[in-house]
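Colleague: Test case, fold it:
(one chain, ligands or ions: 1)
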Amino acid sequence: MEFATIEFDLEGGVATLALNRPERLNSFNEQMHQEVREALSVVERDDSVRALLITGNGRGFCAGQDLSDRSVVPGAEAPDLGSSIETYYNPLIRTLQRLPMPVIAAVNGVAAGAGANIALACDLVIAARSASFTQAFCKIGLVPDSGGTWQLPRLVGMARAKGLSMLGDKLSAEQAAAWGLIWQCVDDDALRSTATDLARHLATQPTRGLALIKQALNQSCDNDLDTQLDVERDLQREAGRTEDYREGVAAFMEKRAPQFKGR
Ligand code: T3D
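Modeller: Reported below is the predicted structural model:
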């Protein structure tokens, strides 16, 4: 598929989506929102896709909203940012959470504003050592969006969530990994291969089981233990009915490598 603002590729069960407006640090304009949405709808509909990798081209991962699309000249009517969030950012975050497969963010450079929180909405975040995360919203009078106010306290605790959100300082990839904000920080030249290897590995695993793990963990933050035990029972019931579960047990008993199909 041909796009102007992203690169999108399907190979060996892995979909790779690279944000591709490097001259603007891959910030989002409407066209990029539309194209990302279209690519993700392909991922959602295509049963052969078993892992999604999101990255950015150039020296940034994503700088959030393209601010040059926001008219702030004196006398201009204030833009309805709520409408932008409702139309674009919230559906994007909901899609990433809903996708029944692991979503990996390979953060190649600065991730700012919504760009940081789109990365954090992915299931596994790997960042290059030179990358950084900034909740840049406060510097222009805005509130962290794209799920930032939900993710941050859960990932790093309220004290750090408030510091990150109210100061907007850049957090290095190393610090982000040390704080548990992300899964892993790797050397710059190893980012793409590490993320691709991980995506390829996951695409050979029991994908439906992984999707159920994602569902269980995403729900857990809002549930008490009793409710979550019920969630686990129901999802385990579903997992136990998959072909991959049967294959996993059979392979274990026969002392051979399993061949998972994602069914
Ligand atoms: O509006 C709505 O729809 C509501 C939703 C909002 C969601 C949001 O994401 S709001 C937050 C928007 N993002 C920001 O506030 C971040 C703005 N960018 C920065 O603070 C810095 O650029 C960075 C910290 C990300 C990186 O700094 P640095 O020094 O590495 O790069 P730079 O020189 O600032 O940027 C390089 C170029 O990209 C530059 O263009 P130029 O001068 O070379 O022609 C810069 O203007 C451009 N750029 C970077 N970020 C944006 C951008 N252009 C438009 N929009 C951007 N967000």
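Colleague: can we go C-alpha only for contacts and neighbour counts from here?
Modeller: Noted.
Colleague: out of everything not next to it in sequence, what's closest to Arg192?
Modeller: Nearest residue to Arg192 in three dimensions, chain neighbours excluded: Ala106, at 7.0 Å (CA to CA, 6 or more residues apart in numbering).
Colleague: Next secondary structure element downstream of whatever helix or strand that neighbour lives in?
Modeller: For Ala106, the element it lies in under DSSP states H and E is strand 103-107. Per DSSP H and E, the first helix or strand lying C-terminal to strand 103-107 is strand 110-112.
Colleague: Other residues contacting the helix or strand just after that next one?
Modeller: Heading C-terminal from strand 110-112, the first helix or strand you meet, by DSSP H and E, is helix 114-120. If you take CA atoms under 8 Å, 6 or more residues apart in numbering as the criterion, helix 114-120 is touched by 27, 61-65, 89, 93, 105, 107, 111, 125, 133-135, 144-148, 151, 181-182.
Colleague: Run through the residues that contact the residue nearest to Leu167 when sequence neighbours are not counted.
Modeller: Nearest non-adjacent residue to Leu167, counting by CA to CA, 6+ apart: Cys138, 6.9 Å away. Listed by CA under 8 Å, 6+ apart, the contact partners of Cys138 are Pro144, Ser165, Met166, Leu167, Gly168.
Colleague: Which residue, other than its chain neighbours, is closest to the residue nearest the centre of the chain?
Modeller: Geometric centre of the chain, nearest residue: Cys122, 2.0 Å, by CA atoms, centre = their mean. The spatially closest residue to Cys122, leaving aside those adjacent along the chain, is Val103, at 5.2 Å (CA to CA, 6+ apart).
Colleague: For the one you found, name its beta-bridge partners.
Modeller: Beta-bridge partners recorded for Val103 (DSSP bridges): Leu52.
Colleague: Count the neighbours of the spatially closest residue to Leu155 that is not a sequence neighbour for me.
Modeller: Using CA to CA, 6+ apart and skipping the chain neighbours, the partner closest in space to Leu155 is Leu181 (5.5 Å). The tally of other residues near Leu181 (other CA atoms under 10 Å) stands at 21.
Colleague: Can you tell me the SS state at Leu181?
Modeller: State at Leu181, reduced to three classes by DSSP: H, G, I helix; E, B strand; the rest coil: coil.
Colleague: wait, doesn't it sit right on Gly157?
Modeller: No. The criterion here is CA atoms under 8 Å, and Leu181 misses it with Gly157 at 9.9 Å.
Colleague: at contact distance from the ligand, anything in stretch 135-148?
Modeller: Yes. Stretch 135-148 reaches the ligand (CA under 6 Å from any ligand atom) through Ala136, Phe137.
Colleague: How far away from the center of its chain is that stretch?
Modeller: Chain-centre distance of stretch 135-148: 17 Å, with CA atoms, centre = their mean, to the nearest Å.
Colleague: what's near enough to touch the residue lying closest to Ala128 once chain neighbours are set aside?
Modeller: Excluding its sequence neighbours, the residue lying closest to Ala128 (CA to CA, 6+ apart) is Asp188, at 4.6 Å. Counting by CA under 8 Å, 6+ apart, Asp188 touches Asn108, Ala128, Arg129, Ser130.
Colleague: Repeat the analysis, applying 7 Å as the threshold.
Modeller: Counting by CA atoms under 7 Å, 6 or more residues apart in numbering, Asp188 touches Ala128, Arg129, Ser130.
Colleague: who wins for most neighbours among the residues you listed?
Modeller: Ala128 (23 neighbours).
Colleague: tell me the pLDDT at that one?
Modeller: Ala128 carries a pLDDT value of 98.
Colleague: which phi and psi does it have?
Modeller: Main-chain torsions, Ala128, degrees, to the nearest 10: phi -70, psi 150.
Colleague: Does it have any beta-bridge partners, and if so which?
Modeller: The partner residues for Ala128, given DSSP bridges, come to Val186.
Colleague: show me where the stretch 151-263 of the chain has strands.
Modeller: Taking DSSP state E, counting those that start in this stretch, the strands of the stretch 151-263 of the chain run over residues 171-172, 184-186.
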